[in-house]
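[1] Just a sequence and a predicted model for now, questions to come.
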Amino acid sequence: MTKAIEVRDIIKRYRVKKRLGILKSITEFIDALKGVSFSVDYGEVVGLLGPNGAGKTTTIKILSTLLLPDDGEAYVAGYNVVEEQNEVRKRIGIMLSVEKGFYGKLTGRENLEYFAALYGLDGKRSRERIDYLLKLLELDKLGGDYKLFEEFSLGMKARLSLARALLSDAPILLLDEPTLGLDPPSARKIRELVKDLAHRENKAILYTTHNMFEAELVCDKILLINKGRIVADGTPQELKSRIPKLKVITLDIRGKGSIDKVLKDLEEKYEFKEENGIYEVRIHVHRPEEVFNETVRKFINNGFEILSARIEEPTLEDVFIYFSEGSS
Amino acid sequence: MSFIVLLKAEYMLVYSEVMRRKSALMAIIIYPYLFAGLTLFVGFSAGSPQSFVERVGIDPIVFMVTASYMIMAITTGVDDILWRPLSDSWIGTLVYIIASPVNKLKLFMAMPIPRLTLLLMMGFTSILPIYVAFYGLYGVSLTIVVVALSAIGALVMTPLGIAISGLMHVASESWRILSIVRPLLFVFLGAYYPRMFMPLVLRLISYSIPSSYTVELVQRLLIGIASIDIVVLLGLSIALAAIYVPLGRKSINYWEKKKVREGVKAH
Amino acid sequence: MLKLIKRVYMVFKAYAVSDLLRSKGFVFGLVSMSIWFMLFISPIILFIDSSFNPRVASAYSFTAILIFLFYSVATWDWAAEIRWMINDGRLEYYIASGSGFLCHYLGIMPISFIWIAMAMSINYLLLTVVWGPPELQISDLRLFIYGFILLTTNLVSYALVLGGTMLSSGVTGFVMEIIGFITPIATGGLTPLINLPKPIQTFALMTPFSYPAEIIRYILLKSPTIMSIHELCIRGTLYSLTFLAVSIIYFRYQLKKIMREGVRVTTLW
């Protein structure tokens, strides 16, 4: 089956003017993308995760036919983004900016009607689709029907932006940092919807973000991008398991004995600190499932009380730092 | 993609903006009088209306108000075509328009029509009172004819407007170029300063503007005209507009390609 | 004082670099302005009797446009600056920085004057082509300079009133354009007061604007004045100082108001 999105060795270079004074300047080229390759299947959310300036938005724009690559190939729904732009445009929904991109003096509904016309939706089909989307994104309850866009809160603007991306019911969605600046409830709503769209409606979704936590929540697969290159890819768990970072067992305990005496036979490294009679013990392990039960039993047998216990895994941030430093 | 669907969408967009922004509505009503009033005031102070009548053959008040109305009607439509890529870029909608499968030429053809319709209706608040005051009941039919000719003038201007828009907006800070193009169009239309008074070079440039023929037609009507001129002048303006259509198409395609090559900004 | 001078210089440098040098605004603006002049002047020609000395007509047009440009600058450079600050989100930073508006305006005013000088050079050339070199003469330099100081003072006051109103009410660009058009006409800025209809004459004399305009026209064109030069100077000075005092109080009041109520949102137009 054709991949929804297929990108092969895309290169993109920007010309930048470097100001050396009031009138003097030189022109330089910076490589925004240095040979990026990846693919996205239908029914999955693929996250493009990286810091600002990594190349996320450049990638989205190339796939949205808003930017030409300098080299390489990209296909959306099997169509070449350079040579078959119009075919691509019929099959994508895009969300580029949360705050802007609508007409201020139109209501939410009127804005959607306008953009529906650009997608060739008219009359009954347009109305039904817009009714559905306003309800889906709860904009009908928030006043999306009668409030002017310039009166919308940021959360409402984000929802409307996603509604526009869904107007033509395109099979492929390109979402550029769709929850940027949103409050937690709005962000959560958007994330849940995105997952639903992929898993229930079989859409292919490319989702860019610099928020590691969000990427882990939303994405089936993550592409780590840094300085114009994909430095790693895989599911969140796969990526975490690839780094040699140790997990940490953290125990909050109370008691009168000696911690060192309890853990003297432990091979793993540990540290602890005491505050108000409570010890926080941190043990760095590769395989916590082997150490955890044994350690807890030793503390209890030595008269300690376990107040809380947790196992901390490496985060995506750890993953990103590990792979970025490696790629540097 | 249906042109009617696009037209309906543009009507909704423009009328919502105009009705919800009272200043925009007031501008459409007042501007014909404003520039005419300024010119008449200074002209009367600096010279005399008799000199004007001797040179031009028509009362300056009728002439100036008509000129202002025609300029408003013709350039209002073109203004939408010239300004929309810029305003869409500033508010962030341009990316979505380019990324949509809509036929861009059709969209640009639809753009001027809503505001033009509004402005044509405004003819009955701006020129009708003046014409009735000067010509009595004949002023009513004269108003209808002038409004109709202004409509034609605006429509034949569209292809040239699209051609200019496409070429202009590939430049950065294209609004600065627009600040030159707009007043130039005003000058070469020959509405305020009839082209019969222009030096040859300027007159030749004026001949290349399709709407200048409808402007001349209205001026001749106000003065008195032989019927053959109507056909000739109208025919010339429509023929010239037809010549600009393929240029307009190429220009818009060039603009779109150039924008995508450089990268359409989402702001 | 040194701090103020430094700040003024930084503002001037910032605007000169961004607006005049890097964005090519200078050249485009001049070309655009000259075309608007042509559009405005050309129908006026049709009112002039063929026996009238064209160089005198040229001189009157030159003076009228000069004064109109001063009004434009006061509306679109000085008063509208508040609007741009609001639109760009700079206003709050300005207020929070405590540096005040004085240094900002002292910085942008020279740019406005550079602009007027260049625009009038083009205007001079244009009129020379159309009618012939304007027949101008400065019969009394000190009075001429005094007239310009008076005009600038009035226009600064006008900008403070318009700018202050914009701060608290977010007045639209359209309203500004109307005010920018009507003010010079209604206040006797463009034509000698003697040529105006009586009601407009009376109104013009009740505003501070007409006095410096009359003085400048008298100096440049030897045009007849509606009252003696001595009286024009005294009245003009009294009006200007009063207007300036009122405008400063008004502007400060508007600043205090927005500290209480917040800055208004302005539309793009």
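    Done, it's in. Please read all numbers here as calculations on a predicted model, not as lab measurements.
[2] all contacts plus neighbour counts: C-alpha atoms, from now on.
    Fine.
[3] Look up how far chain A lies from the nearest residue to residue C:16 once chain neighbours are set aside.
    Spatial nearest neighbour of residue C:16, excluding adjacent residues (C-alpha to C-alpha, 6 or more residues apart in numbering or on different chains): residue C:111 at 6.8 Å. From residue C:111 across to chain A, the span is 17 Å (C-alpha to the nearest C-alpha, to the nearest Å).
[4] what about residue C:111, neighbour count?
    The tally of other residues near residue C:111 (other C-alpha atoms under 10 Å in any protein chain shown) stands at 18.
[5] what's the helix or strand for it?
    Per DSSP states H and E: residue C:111 is located in helix C:101-130.
[6] So which elements touch that helix?
    Judged by 3 or more C-alpha pairs under 8 Å, 6 or more residues apart in numbering or on different chains; DSSP states H and E, helix C:101-130 is in contact with helix C:2-15, helix C:25-45, helix C:54-72.
[7] mind checking how far the first one is from the chain centre?
    Its chain's C-alpha centre and that of helix C:2-15 lie 22 Å apart, by C-alpha atoms, centre = their mean, to the nearest Å.
[8] what do you get for the second one?
    Taking C-alpha atoms, centre = their mean, one finds helix C:25-45 lying 17 Å from the centre of the chain it belongs to.
[9] buried set for it?
    C:25-26, C:28-45 (16 or more other C-alpha atoms under 10 Å in any protein chain shown).
[10] Now for the residue nearest to residue C:16: which residues touch it?
    C:12, C:15-16 (C-alpha atoms under 8 Å, 6 or more residues apart in numbering or on different chains).
[11] how much space between it and residue C:118?
    11 Å (C-alpha to C-alpha, to the nearest Å).
[12] Same check on residue B:246?
    Residue B:246 is 40 Å from residue C:118, by C-alpha to C-alpha.
[13] And residue B:262, by the same measure?
    Taking C-alpha to C-alpha, one finds residue B:262 at 35 Å from residue C:118.
[14] what are the phi and psi values for the residue in the stretch 101-250 of chain B positioned nearest to chain C?
    Distance from chain C to each residue of the stretch 101-250 of chain B (C-alpha to the nearest C-alpha) is smallest for residue B:180, at 4.6 Å. The phi and psi values for residue B:180, taken as degrees, to the nearest 10, are phi -100, psi -40.
[15] okay, now it: neighbour count?
    19.
[16] check contacts around it.
    Contacts of residue B:180 (C-alpha under 8 Å, 6+ apart): C:28, C:31-32, C:35.
[17] which ones among the buried residues of helix C:25-45 come in contact with chain B?
    Among these, proximity to chain B is found for C:25, C:28-29, C:31-32, C:35-36, C:38-40, C:42-45 (C-alpha under 8 Å from any C-alpha of the partner chain).
[18] Return the member of these nearest to residue A:223.
    Of all those, residue A:223 sits closest to residue C:25, with 44.1 Å by C-alpha to C-alpha.
[19] before we move on, the earlier item: what residues of the helix holding residue C:111 count as buried?
    Neighbour counts using 16+ other C-alpha under 10 Å place C:103-109, C:111-112, C:115-116, C:119-120, C:122-124, C:126-128, C:130 of helix C:101-130 among the buried residues.
[20] Is there contact, residue-wise, from the next helix or strand after that helix to chain B?
    Counting by DSSP H and E, the next helix or strand C-terminal to helix C:101-130 is helix C:141-169. No - applying C-alpha under 8 Å from any C-alpha, one finds helix C:141-169 separated from chain B by no less than 14.1 Å.
[21] which residue ranges form the helices in chain B?
    With DSSP state H, the ranges of helices along chain B come out as B:3-20, B:22-46, B:49-56, B:60-91, B:94-99, B:104-110, B:112-135, B:138-168, B:174-189, B:200-207, B:210-223, B:227-262.
[22] Just put these in CSV and tack on distance to residue A:264.
    Listed next are these as CSV, based on distance: least, C-alpha to C-alpha, whole Å:
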stretch, distance to residue A:264
helix B:3-20, 76
helix B:22-46, 81
helix B:49-56, 110
helix B:60-91, 66
helix B:94-99, 64
helix B:104-110, 76
helix B:112-135, 84
helix B:138-168, 78
helix B:174-189, 75
helix B:200-207, 97
helix B:210-223, 96
helix B:227-262, 65
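[23] Select, out of those, the one closest to residue A:275.
    Among those, the nearest to residue A:275 by C-alpha to C-alpha is helix B:60-91 (54.8 Å).
[24] is chain A contacted by the closest one?
    Yes - if you take C-alpha under 8 Å from any C-alpha as the test, helix B:60-91 does meet chain A, through residue B:91.
[25] Same question for stretch C:76-93.
    No - counting by C-alpha under 8 Å from any C-alpha, chain A is not contacted by stretch C:76-93; separation bottoms out at 13.8 Å.
[26] Pull out the buried positions in that stretch.
    So stretch C:76-93, judged by 16+ other C-alpha under 10 Å, has buried residues C:76-84, C:86, C:91.
[27] pLDDT of it, averaged?
    Stretch C:76-93 shows a mean pLDDT of 75.
[28] So which bits of chain B are right by chain A?
    B:1-2, B:5-6, B:9-10, B:12-13, B:16-17, B:20-21, B:91-102, B:259-264, B:266-267.
[29] Please spell out the ChimeraX selection for the buried subset of those residues.
    Command for ChimeraX that selects the buried part of the residues of chain B next to chain A, burial taken from 16+ other C-alpha under 10 Å:
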select /B:5,6,9,10,12,13,16,17,91,92,93,94,95,96,97,98,99,100,101,102,259,260,261,263,264,266
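[30] Is it correct that residue A:36 falls within a helix?
    No - counting by DSSP: H, G, I helix; E, B strand; the rest coil, residue A:36 falls outside a helix, being strand.
[31] so it bridges to which residues?
    Counting by DSSP bridges, residue A:36 is bridged to residue A:10.
[32] Next, count neighbours for it.
    With other C-alpha under 10 Å as criterion, residue A:36 counts 21.
[33] what's near enough to touch it?
    Per C-alpha under 8 Å, 6+ apart, neighbours of residue A:36: A:7-11, A:228-230.
[34] Could you list which residues are in contact with residue A:209?
    Residue A:209 sits next to A:47-50, A:176-178, A:215 when contact means C-alpha under 8 Å, 6+ apart.
[35] can we see that at 7 Å?
    Taking C-alpha atoms under 7 Å, 6 or more residues apart in numbering or on different chains, we find residue A:209 in contact with A:48-50, A:176-177, A:215.
[36] among the helices of chain B, which is nearest residue A:289?
    Using C-alpha to C-alpha, these put helix B:94-99 closest to residue A:289, at 51.1 Å.
[37] Which parts of the stretch 151-269 of chain C are helices?
    Ranges of helices in the stretch 151-269 of chain C, per DSSP state H, counting those that start in this stretch, are C:173-186, C:198-205, C:210-221, C:229-261.
[38] now the angle between helix C:229-261 and the shortest one, please.
    Helix C:198-205 and helix C:229-261 meet at an angle of 70 degrees, taking axes from the mean of the first three to the mean of the last three C-alpha atoms, to 10 degrees as the criterion.
[39] buried sites along helix C:198-205?
    Of the residues in helix C:198-205, C:201, C:204-205 count as buried by neighbour count, 16+ other C-alpha under 10 Å.
[40] Show me which parts of the longest helix seen in chain A are buried, residue by residue.
    Once chain A is assigned using DSSP H, the helix that runs over the most residues is helix A:184-199. By neighbour count on 16+ other C-alpha under 10 Å, the buried set for helix A:184-199 is A:186-188, A:190-191, A:193-199.
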